[in-house]
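S.K.: Coordinates for the following, if possible.
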Amino acid sequence: MQNKNITIIGGHGQMGKLFHQLWQEQGHIVYPIGRLEFDNCDDKLAISDLVVICVPIKDTCNIIKKIAPRLKKNTVLADFTSLKSDPLMTMLAQHSGAVLGLHPMFGPTIHSPHNQIIVHCEGRNPSSCQWVIDSLSKIGFTLKAMNASKHDQAMNFIQGIEHFITFSLGTFLHQKNEHPKELLEIASPIYLAKLLLMGRIFDQDPALYADIIMADKKRIELIKEFSLWLTDWVTKLENYDKAKFIDEFKNASLWMGEFTAYAQRISDNFLTIDLD
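M.R.: Numbers count the residues shown, from 1 in each chain. Okay, the predicted model is just below:
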């Protein structure tokens, strides 16, 4: 692959720095652009084969509107946002050239691209974007094609509900003064894994997770629906409705089908954890 000029808008952030390093190691020339440089980077934009918007979710569409009109038509415009529909539509409206939606499904602290997934959503001129996908694949990432709206629907569960559950558990433990380190001493491997994943999240930037959870009105509506569903189940528990619990459990298990056995098998392989 011929070396390319790549500009990362938000390139001084953690994710920007990660991809700066990875693309640079491939031989590409990478220009990181920070917030104070947005208005004075036309020289970099003019020679860029790829411009990646890598800024907080709440700023993404506004930054696209500032940057896209200044690009050459043969520049690929992409973004790393965890929501894809709105940024993709904004890029298509603001840039007449090739457009690609990307979502790295991991944080910037990874030690290796092995088994790490990047979702890509088609925007415009996929043949012109293929070298970008190929470069990420060559680094070692697993690339998954996905429709933007389907991606966002999935993220409302993966990032909205799941992160909110983690936030709720961690903050409730704090309110009850039940320190997770004390729970580790008597935790089974599966609960140990859950506690460690919770701790991992709380080791990150809280503003990042606030932006993720509150990224989309539909996401918040889904969290509200989940909360009401939980409240309804609390009522059933207060009524000691064991039969309803068992019935609901069985129905969900049947709906999941072969996934339950698959999950049992895969989780057995990584739940042997040695804390020493």
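
S.K.: so how far is the least confident helix or strand in the chain by mean pLDDT off the chain centroid?
M.R.: Ranked by mean pLDDT, DSSP states H and E, the weakest helix or strand in the chain is helix 259-270, scoring a mean of 87. For helix 259-270, the gap between its own C-alpha mean and the chain's C-alpha mean amounts to 23 Å (Cα atoms, centre = their mean, to the nearest Å).

S.K.: Which elements pack onto it?
M.R.: Packed against helix 259-270 by the contact rule (3 or more Cβ pairs under 8 Å, 6 or more residues apart in numbering; DSSP states H and E) you find no helix or strand. All C-beta atoms are positioned from the backbone trio N, CA, C, and that covers glycine.

S.K.: ranges for the strands of this structure?
M.R.: Taking DSSP state E as the criterion, the chain carries its strands at 5-9, 29-33, 50-53, 76-79, 99-104, 117-124, 142-145.

S.K.: Highest mean neighbour count out of those strands?
M.R.: Comparing those by mean neighbour count (mean count of other Cβ atoms under 10 Å), strand 76-79 comes out on top with a mean of 28.

S.K.: domains for this structure, by residue range?
M.R.: 5-146, 150-270 (automatic domain parsing).

S.K.: Pull the contacting residues for the closest residue to L92 other than its chain neighbours.
M.R.: Closest residue in space to L92, ignoring its immediate chain neighbours: V99 at 5.4 Å, by Cβ to Cβ, 6 or more residues apart in numbering. Applying Cβ atoms under 8 Å, 6 or more residues apart in numbering to V99 gives the contacts 76-78, 88, 91-92, 123-125, 129.

S.K.: that older thread, give me the buried positions along the least confident helix or strand of the chain.
M.R.: Residues of helix 259-270 classed as buried by neighbour count (16 or more other Cβ atoms under 10 Å): none.

S.K.: low pLDDT regions in this structure?
M.R.: 1, 271-276 (pLDDT under 70).

S.K.: mind checking the longest helix of it?
M.R.: helix 217-238 (DSSP state H).

S.K.: Could you list the buried residues of that one?
M.R.: 219, 222-223.

S.K.: Which positions are bridged to the closest residue to N115 other than its chain neighbours in the beta structure?
M.R.: Nearest residue to N115 in three dimensions, chain neighbours excluded: T142, at 6.7 Å (Cβ to Cβ, 6+ apart). Applying DSSP bridges to T142 yields these beta-bridge partners: I117.

S.K.: Spit out the contact partners of T142.
M.R.: With Cβ under 8 Å, 6+ apart, T142 has these contacts: 115-118.

S.K.: Find the one among the domains of the chain with the highest mean neighbour count.
M.R.: domain 5-146 comes out most buried of the domains of the chain by mean count of other Cβ under 10 Å, with a mean of 18.

S.K.: Okay, the residue nearest to N115 and V119: tell me how far apart.
M.R.: 10 Å (Cβ to Cβ, to the nearest Å).

S.K.: now F270
M.R.: 23 Å.

S.K.: Next: N74.
M.R.: For N74, the distance to V119 - Cβ to Cβ - is 25 Å.

S.K.: same thing with F38?
M.R.: From F38 to V119 the distance is 26 Å (Cβ to Cβ).

S.K.: Equivalent analysis for D43, please.
M.R.: The value you get for D43 to V119, if Cβ to Cβ is used, is 32 Å.

S.K.: Ok, Q159 next?
M.R.: Q159 is 12 Å from V119, by Cβ to Cβ.

S.K.: Please name the residues that touch V132.
M.R.: Applying Cβ under 8 Å, 6+ apart, we find V132 in contact with 50, 76, 78, 100, 102.
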